[in-house]
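>>> From the sequence below, what's the structure:
(one chain, ligands or ions: 1)
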Amino acid sequence: MTSNRGFTTDIVHSDRAFGSDDGSVHKAVHTATQYGFEKVEDLIGVFQGTKKGAYVYSRQGTPTTAALEAKLTAMESGVGTVCFATGMAAISAIFLTLLRAGDHLVASRAVFGNTNSLFGSLEDLGVGVTRVDATEAENVAAAITPKTRMVFVETLANPGTQIADLEAIGQLCKVRGVLFVVDNTILSPYLFRPGGIGAGLVVHSLTKSICGHGNALGGAVIDTGAFDWTDYPNINAAYRKGDVRQWGLTQVRKKGLRDMGATLSSQHAHAIAVGAETLALRMSYTSASALEIARYLEAHPAIAKVYYPGLPSHPQHAQASKLFRAAGWLLSFELKNPGDCLAFHDRLQLAVKATGLGDTRTLVIPVAHTIFWEAGPAVRAEMGIADGMVRLSVGLEEVSDLIADLRQALG
Ligand SMILES: *Cc1c(COP(=O)(O)O)cnc(C)c1O
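Here you go, the predicted model:
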């Protein structure tokens with residue numbers, strides 16, 4: 001799936017390369033729920049496994065979602081992709097189709113809140129979960145047991161912008177024969193490809209960076225080809241056939257889409273595919289804006305702390321500079337006076353007070369009062385979520401306008 005052409009060149013031409021409909025330069029939006037066959041033997045062949053690659057029923061995919069999957073596979077330099085209705089559906093599909101009761105998972109403590117909530121459900125189902133500070137690979141190493149099947153981290157955590165010890169954990173997983181799963185939602189494959197540091201599966205909420213316009217939900221699981229499924233114990237006998245690189249994803253598709261059914265619609269796949277065409281432009285632009293905003297805030301007397309990996313003050317700045325093309329659009333900061341946090345939000349005129357991330361418009365949210373409210377004060381203290389913490393998802397507005405707005409709101 002790799003070519004010598006540039007990232008965006010490949011994306012904008014991938015629909016044509018994939019074979020398009022009547023010369024349409026976009027993959028068409030296929031809305032049929034079922035696909036008919038000329039001969040009944042072909043229909044039977046689909047059920048009996050002798051006719052491969054045919055569309056049958058849209059819960060398992062359509063030509064439109066397949067075109068997006070091909071695009072994502074190319075973007076992550078992988079060997080295959082399965083799309084889902086949301087990022088959480090993609091993450092759930094990985095755990096629920098590839099883990100069994102009695103298995104063990106090592107996960108970063110700094111993960112998306114709903115992912116952490118899902119870990120609780122896995123524990124209820126009999127999967128052991130050990131949460132560690134994954135910014136040091138030795139914490140992950142210490143947590144691995146003979147029952148550990150997977151290590152799960154995010155490339156850049158929200159809201160604290162912690163970066164897992166990616167290269168060392170990748171090496172560790174390889175040596176221990178454990179599947180390394182990386183949520184690359186915030187950075188996107190334009191800024192970083194986890195396959196290069198040994199991640200076997202990459203997961204995305206397509207809702208954020210890749211769609212990028214706040215108008216479609218989606219998720220994806222991409223196999224990078226780095227993990228050898230031969231000895232992975234939980235692959236059903238029916239899927240231990242053919243190209244071994246496809247065993248894991250076949251199970252994720254069959255069990256995750258066919259049995260659990262959180263299918264991405266063709267309409268949303270189309271919106272995401274269009275959004276992805278400008279991914280590189282948006283990531284470059286918003287990363288430059290975020291860096292300028294981070295520098296401005298760090299120098300401002302009303303600000304106690306700025307969390308942004310592009311700043312030399314960030315604990316994993318060296319790693320970010322080495323591995324990532326730029327530091328992305330997510331940044332958080334703490335006001336010196338937490339009592340002013342809510343009034344500060346109301347003084348902002350441009351940034352939209354909203355949850356969600358990776359939109360064209362800048363979004364702002366008081367972290368302790370919203371996304372970490374349910375966690376309670378003890379967990380917030382443990383996770384370093386201060387009462388005056390503000391999360392900013394930097395959009396496409398001119399950075400001079402964003403800084404002017406922050407300046408007036410900070411007073
Ligand atoms: C938003 C998000 C998710 C969940 O994605 P949805 O599309 O909202 O279900 C998962 N991981 C990360 C890092 C996210 O930011």
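>>> rest of the way, CA atoms for contacts and neighbours
Will do.
>>> Check the chain for its longest helix and report it.
helix 279-298 (DSSP state H).
>>> same for it, what does it pack against?
For helix 279-298, the packing partners by 3 or more CA pairs under 8 Å, 6 or more residues apart in numbering; DSSP states H and E come out as helix 7-17, helix 188-191, strand 303-307, strand 330-335, helix 399-410.
>>> Show me which residues of the last one are buried.
Spelled out, that is helix 399-410. 399, 402-403, 405-406, 410 (16 or more other CA atoms under 10 Å).
>>> Smallest gap between this structure and the ligand, at which residue?
residue 87 (3.4 Å; CA to the nearest ligand atom).
>>> would you turn the helices and strands packed on helix 279-298 into CSV with mean pLDDT?
CSV is the format used below for the helices and strands packed on helix 279-298 (pLDDT from 0 to 100):
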stretch, mean pLDDT
helix 7-17, 89
helix 188-191, 98
strand 303-307, 98
strand 330-335, 97
helix 399-410, 98
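>>> between those, which gets nearest to residue 217?
With CA to CA as the measure, helix 188-191 is the member of these nearest residue 217 (15.5 Å).
>>> and that closest one with the ligand, contact?
No. With CA under 6 Å from any ligand atom as the measure, helix 188-191 is seen stopping short of the ligand, the closest distance being 10.4 Å.
>>> State the next helix or strand along the chain beyond that helix.
Where DSSP states H and E defines the elements, the next helix or strand beyond helix 188-191 is strand 201-205.
>>> what does the helix or strand just after that following strand rub up against?
Note on strand 201-205: by DSSP H and E, the next helix or strand toward the C-terminus is strand 219-223. By CA atoms under 8 Å, 6 or more residues apart in numbering, the residues outside strand 219-223 that reach it are 72-73, 76, 78-91, 94, 200-207, 248-249, 264.
>>> With stretch 175-188 instead?
148-157, 170, 173, 192, 194, 198-206, 208-210, 227, 327-330, 358.
>>> Would you list the phi and psi of residue 269?
Reported as degrees, to the nearest 10, the phi and psi values for residue 269 are phi -60, psi -40.
>>> now residue 104
phi -130, psi 140.
>>> what about it, how many neighbours?
By other CA atoms under 10 Å, 24 other residues sit near residue 104.
>>> For it, list each beta-bridge partner.
With DSSP bridges applied, the residues forming beta bridges to residue 104 are residue 128, residue 148.
>>> which residues does it contact?
127-130, 145, 147-150.
>>> Any of those buried? List them.
127-130, 148-150.
>>> Residue 304 reaches residue 338, doesn't it?
No. Contact criterion CA atoms under 8 Å: residue 304 and residue 338 do not qualify, at 9.9 Å.
>>> so what's residue 150 up against?
104-106, 178-181.
>>> Leaving out chain neighbours, which residue sits closest to it?
Closest residue to residue 150 apart from its sequence neighbours, by CA to CA, 6 or more residues apart in numbering: residue 179 at 4.6 Å.
>>> Residue 168 too?
That would be residue 137: by CA to CA, 6+ apart, it lies 5.9 Å from residue 168.
>>> any idea of the pLDDT on the one you found?
On the pLDDT scale, residue 137 is placed at 98.
>>> Next: residue 25.
At residue 25, pLDDT is 88.
>>> thinking again about what came up before, mind picking the two most distant members of the contacts of residue 104?
127 and 145 (12.9 Å).
>>> still on that earlier bit, show me which of the contacts of stretch 175-188 neighbour the ligand.
Within these, those near the ligand by CA under 6 Å from any ligand atom are residue 205.
>>> filter the contacts of stretch 175-188 to the buried ones?
148-157, 170, 173, 192, 194, 198-206, 208-210, 227, 327-330, 358.
>>> Mind giving me the packing neighbours of the helix or strand hosting residue 90?
Using DSSP H and E, residue 90 falls within helix 87-98. With contacts defined as 3+ CA pairs under 8 Å, 6+ apart, helix 87-98 has these neighbours: helix 113-124, strand 201-205, strand 219-223, helix 247-251.
>>> In what element of secondary structure is residue 320 found?
helix 317-323.
>>> Buried residues of that helix, list them for me.
For helix 317-323, a neighbour-count test (16+ other CA under 10 Å) marks 317, 319-320, 323 as buried.
>>> Quick check: mean pLDDT of the helix holding residue 90?
In this model, helix 87-98 has an average pLDDT of 98.
>>> Good, wrapping up.
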